[in-house]
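Asker: prediction below, plus the sequence it came from.
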2 protein chains.
Amino acid sequence: MNPKITRFLADRQPATPCLVLDVDQVEHRYRAITDVLPLTRVYYAVKANPAAPILNRLVSLGSSFDAASWEEIRLCLDAGASPDHISFGNTVKKASAIEAAYAAGVRMFVFDSGEELEKIARHAPGSKVYCRLIVANEGAEWPLSRKFGTSVSHARDLMLRARDMGLDPYGLSFHVGSQQTSTEAYEAAIAQVAMLFTDLSAAGLDLRMVNMGGGFPIRYREDVPEIDQFADTIHRALRQHFGNNLPETIVEPGRFIVAEAGVVSTEVVLVSKRGNDKGPRWVYLDIGRFGGLAETEGESIRYALRTGHDGDETGPVAIAGPTCDGADIMYEKAPYALPLSLRAGDRIEVLGTGAYVTTYCSTRFNGFAPLEEHYL
Amino acid sequence: MNPKITRFLADRQPATPCLVLDVDQVEHRYRAITDVLPLTRVYYAVKANPAAPILNRLVSLGSSFDAASWEEIRLCLDAGASPDHISFGNTVKKASAIEAAYAAGVRMFVFDSGEELEKIARHAPGSKVYCRLIVANEGAEWPLSRKFGTSVSHARDLMLRARDMGLDPYGLSFHVGSQQTSTEAYEAAIAQVAMLFTDLSAAGLDLRMVNMGGGFPIRYREDVPEIDQFADTIHRALRQHFGNNLPETIVEPGRFIVAEAGVVSTEVVLVSKRGNDKGPRWVYLDIGRFGGLAETEGESIRYALRTGHDGDETGPVAIAGPTCDGADIMYEKAPYALPLSLRAGDRIEVLGTGAYVTTYCSTRFNGFAPLEEHYL
């Protein structure tokens, strides 16, 4: 575990549940991705964790930002980001949000439907627009679904319409799904995008940008490919499919940049074994699916856990949150084992929780306040 | 739709998304259940909606309260509830929460494990305790799972231990699952409880109370049995299994009391049809699974919708929330149809949303603020 966080937890014994996050680690991860993708602009996916200390640090490093809402754009501006370093990256935007972003100087918008394109043309005239394609999400632990993106043929029509509407048809985007563990997913998507570049060029429209989205995985309980393997695949695919005519490229990492920087510290509320029940012990923590660990839905993201009893003999457990909701179970099927010596009142550290935790947290489900946040 | 809410929405045009709730309707529903279960004490399940106007009204009506946490207990006390009208109804409690509740005068605690019983004996000596049994949840649209409750034989051992620990072994509880549409579920559970009463009586321990939990359903899109049908079943089962020696009884309705009193007003952000896509139109609202409509997970709770275009020709739709999260889809499989004339900017009212909405809402996922609440 990160020594700075370990020291903070030992010295301060903060009330649980809380997130402790090392902002230097965020910088380290930002540099790791810019090192291996030097020609690609990094738009940090603000939704992963919009805390001011993170945005401030990334602004100082020259990062750009992928915002999901006008409220996230405002957070970036408050942190000192220039509006031309912000992409309004949600395909579903209120007209009022587009207007506000445009008034603040934002000139880059995504879309995946004719209806959205019309809204952008009306409320953000002349802006750069890019169309999101639907691509395969196989290999992703938190896949995206049919909610976003459109087909190549529809995207082609829409980019031509964008030009006719006086917008700047800037490029195309895709998203291979979050916590994507297959490098090939990027390769296939780049090939698809390149074909549409060629096709549109023949129609007299030269696109300039490919937004490759995020999805780069981090290590939870299992090894994942390193970021340089993704970079190698991306470089190879770009060269193969675009030749010497390389487009501008963008990535939108969120989880990759902040997840490993954070640790959730939680308290064991109850360890119980019910009578003759043949099943595992149940371990109830003071944080669960509704306190921030929402990505445990369907047991998708399987966090690594550290206890003060590590090294003792372990036994299988089911792990649940503290609410009266039967759905507030994190792991019942996933093979988790915890020390037999674990007791109520013990602390457990949940690793890799810097992303997609604080903002998912419910306002006060069952009366529990949102988790505290500590940025070091 | 409730005329008071309709008038408020028309006159005030509140910013969306918001919940508008008619507190008189809460009173009406409280009276509906006390009318048909006159000998049963009603402990309102605070987690369904802990807003002060609701708690205040229920205190004035003489309701008792089922609290899931020390924070909920404090809300009840703030609303003027007497501590002896509060049950600490979560089987998973921090020692500090038990202590705080005891210090505030709360003397009624649930448990389903030996470990929890020990905590209660230590931090709330002499209190009334009741043990939660695990019962079948068939027929429930939001079932509970193996997270709570224990077997009859284990409960028997624990109640005897409770007496030995100086606690008051008060009774037994069960929960048939939320939005339970089968009256028989209560009948089967009462039979189970009665057998354990008899068995423990033979062992020299006379229990006095049966807590039948909540779960009473409300009408979303489909008819459900009326509350008097549940009451009839409960009365018949109690007479059949307890004869003339009727125990004290408790119910813990939450959804039943507040759900129908509330309406979420939301705005359509986008209606899109993607190219040659054979699928339905997609309708994106400014509230979704992470903005409060969490019970749409797995499309479990299927809310009824009202639009200003009702009566126009309709067509099939998928319905999603406003975030960049692929999991933020409410209905893709459930057969929903909405007017073909529906456009971005239109309002949609989501009925029956007075329960399990405001507190599930995320603090600010994707930057979106929690929904506003208006109590009339």
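Answerer: Arrived safely.
Asker: which ones are touching residue A:229?
Answerer: Residue A:229 makes contacts with residue A:183, as judged by C-beta atoms under 8 Å, 6 or more residues apart in numbering or on different chains. Heads up, the C-betas are built off the backbone N, CA and C, glycines and all.
Asker: and it, what helix or strand is that in?
Answerer: Following DSSP states H and E, the helix or strand that holds residue A:229 is helix A:227-242.
Asker: state whether residue A:338 is indeed within a strand.
Answerer: Yes. Assigned with DSSP: H, G, I helix; E, B strand; the rest coil, residue A:338 falls within a strand.
Asker: do you know how far the residue nearest to it when sequence neighbours are not counted is from residue B:263?
Answerer: Spatial nearest neighbour of residue A:338, chain neighbours left out: residue A:317 (4.8 Å); criterion: C-beta to C-beta, 6 or more residues apart in numbering or on different chains. Residue A:317 sits 42 Å away from residue B:263, going by C-beta to C-beta, to the nearest Å.
Asker: got it, and residue A:211?
Answerer: Per C-beta to C-beta, residue A:211 is found 39 Å from residue B:263.
Asker: make sure residue A:44 is indeed in a strand.
Answerer: Yes. Under three-state DSSP, residue A:44 sits within a strand.
Asker: what's around it, how many residues?
Answerer: When neighbours are counted by other C-beta atoms under 10 Å in any protein chain shown, residue A:44 registers 32.
Asker: would you agree residue A:184 is in contact with residue A:234?
Answerer: No. In this structure residue A:184 lies outside contact range of residue A:234 using C-beta atoms under 8 Å: 11.1 Å.
Asker: just want to know which of these two has more residues nearby.
Answerer: It is residue A:234, of residue A:184 and residue A:234, that has more neighbours when counted by other C-beta under 10 Å, with 22 against 14.
Asker: what does the stretch 151-300 of chain A put close to chain B?
Answerer: Proximity of the stretch 151-300 of chain A to chain B, by C-beta under 8 Å from any C-beta of the partner chain, involves residues A:151, A:153-154, A:157, A:177-178, A:267, A:269-277, A:279, A:282, A:284, A:286, A:290, A:294, A:297.
Asker: which of those are buried?
Answerer: Buried subset of these (neighbour count, 16 or more other C-beta atoms under 10 Å in any protein chain shown): A:154, A:177-178, A:267, A:269-275, A:282, A:284, A:286, A:290, A:294, A:297.
Asker: just the ones in helices from those, please.
Answerer: Using DSSP state H, the members of those that fall within helices are residue A:154.
Asker: quick one: average pLDDT of stretch A:210-218?
Answerer: In this model, stretch A:210-218 has a mean pLDDT of 94.
Asker: how far does that stretch sit from its chain's centre?
Answerer: 9 Å (C-alpha atoms, centre = their mean, to the nearest Å).
Asker: got the CA positions of it in CSV?
Answerer: The C-alpha coordinates for stretch A:210-218 follow below in CSV (Å, rounded to 0.1, in the frame of the first residue of the first chain):
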residue,chain,number,x,y,z
VAL,A,210,-9.6,10.5,-33.3
ASN,A,211,-10.8,10.4,-29.7
MET,A,212,-10.0,6.9,-28.4
GLY,A,213,-11.9,7.3,-25.1
GLY,A,214,-10.7,5.8,-21.9
GLY,A,215,-11.1,2.4,-20.4
PHE,A,216,-7.4,1.7,-19.6
PRO,A,217,-7.4,-0.8,-16.8
ILE,A,218,-5.8,-0.8,-13.4
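Asker: returning to that earlier point: the more surrounded of residue A:317 and residue B:263?
Answerer: Between residue A:317 and residue B:263, residue B:263 has the larger neighbour count (other C-beta under 10 Å), namely 26 against 23.
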